[in-house]
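S.K.: next comes the sequence, and after it the predicted model I'd like to discuss.
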Amino acid sequence: MVDTSVKTPDPLPEGVLLALRRASTATITTQLLSRGLRNQFMQGLRALNPAQVNMVGVAFTLRYIPAREDVDVLSVFQDYDHPQRKAVESVGRGEVLVIDSRGQQRAASLGHILATRLLHRGCAGVVTDGSVRDSDGFATLEMPTFAMNPSANTNLIQHHAVDMQVPIGCGEVAVYPGDVLVGDSDGVVCLPRHLAEEVAEAAAAQEHLEAFVLSKVESGRPLRGTYPPDEATRAEYEAWAAENPLL
Ligand SMILES: O=C([O-])CC(=O)C(=O)O
Ligand SMILES: [Mg+2]
């Protein structure tokens, strides 16, 4: 059985990080499907800064439940240990803050000031299946952020930050602290931590092969025999790969 208990994860080895930075979410979802996992791509999220879409990092989770008017009042923000603020000041270098907003978009999961603090903490990105406010700030923020639609409302209007570093759902995907989040212009995929190394390696190999296949399709070859490659095309690829090794 897969161990999903929550422990402080080790940092990702540099080689795994490098391979995942080069891998597309499309390739990773295919590699996950070949291992039986078909629900790892988060639904309905988009990158808020088109110049900052490539993201790789380790999940730091924050869980929201529905707000209640007598509990979630503005004065709670006077407490620097409010769970939303505490989470922001706990995220470590190379981690991605993943927020379970239950797919609800009527209030922002966070705003530009908190995101700027995360950037300064070395956070690798922010992912929420909800909204953000201060959209202009996110459009130029130098940290990948993935969310649904904007909402000017502060989180208290719909969300109550309740816990961090617990398993959550985000975009209909289970996220365990320590899982690996990869983002690009298609969106965000959650890679179970125990598969990160082997998927990174397999994704790099798939992309190397696909670069060759694409060059053949660009030169006018039909799909039959080329995509997927038959034995002859594979042999051609092997010869090409000997000259153009995967680095
Ligand atoms: O979402 C919030 O209430 C916080 C906020 O506006 C910000 O971080 O700029
Ligand atoms: Mg703000």
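M.R.: Here it is on my side, so go on. Ligands and ions are numbered 1, 2, ... in the order given.

S.K.: can you tell me which strand in the chain is longest?
M.R.: Taking DSSP state E as the criterion, the chain has its longest strand at strand 55-66.

S.K.: list the buried residues for that strand?
M.R.: Residues 55-64 are the ones in strand 55-66 that count as buried (16 or more other CB atoms under 10 Å). (C-beta placed from N, C-alpha, C; glycine too.)

S.K.: heading C-terminal from it, find the next helix or strand.
M.R.: Counting by DSSP states H and E, the element after strand 55-66 in chain order, helix or strand, is helix 83-88.

S.K.: state the mean pLDDT of that next one.
M.R.: The average pLDDT within helix 83-88 is 97.

S.K.: that helix and ligand 2, are they touching?
M.R.: No. Helix 83-88 does not reach ligand 2 (CB under 5 Å from the ion); its nearest approach is 12.4 Å.

S.K.: ok and whichever strand or helix holds T29 relative to strand 55-66, angle-wise?
M.R.: Following DSSP H and E, one finds T29 within helix 25-33. Interaxial angle of helix 25-33 relative to strand 55-66 (axes from the mean of the first three to the mean of the last three CA atoms, to 10 degrees): 80 degrees.

S.K.: just how off-centre is helix 25-33 within its chain?
M.R.: Computed by CA atoms, centre = their mean, to the nearest Å, the chain-centroid distance of helix 25-33 equals 13 Å.

S.K.: who are the packing partners of the longest helix seen in the chain?
M.R.: Assignment by DSSP state H gives helix 196-218 as the longest helix of the chain. Helices and strands touching helix 196-218, as assessed by 3 or more CB pairs under 8 Å, 6 or more residues apart in numbering; DSSP states H and E, comprise helix 14-22, helix 25-33, helix 231-243.

S.K.: can I get those helices in a markdown table with mean pLDDT, distance to G44 and mean neighbour count?
M.R.: Listed next are the helices and strands packed on helix 196-218 as a markdown table, based on pLDDT from 0 to 100; distance: least, CB to CB, whole Å; neighbours: other CB atoms under 10 Å:
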| stretch | mean pLDDT | distance to G44 | mean neighbour count |
| --- | --- | --- | --- |
| helix 14-22 | 93 | 23 | 17 |
| helix 25-33 | 98 | 14 | 20 |
| helix 231-243 | 97 | 36 | 12 |
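
S.K.: export these to CSV and tack on distance to G187?
M.R.: Output for the helices and strands packed on helix 196-218, formatted as CSV (distance: least, CB to CB, whole Å):
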stretch, distance to G187
helix 14-22, 15
helix 25-33, 6
helix 231-243, 29
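
S.K.: can you list the ones you listed in JSON lines and add distance to ligand 1?
M.R.: Rendered in JSON lines, the data for the helices and strands packed on helix 196-218 read as follows (distance: least, CB to the nearest ligand atom, whole Å):
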{"stretch": "helix 14-22", "distance to ligand 1": "28"}
{"stretch": "helix 25-33", "distance to ligand 1": "27"}
{"stretch": "helix 231-243", "distance to ligand 1": "48"}
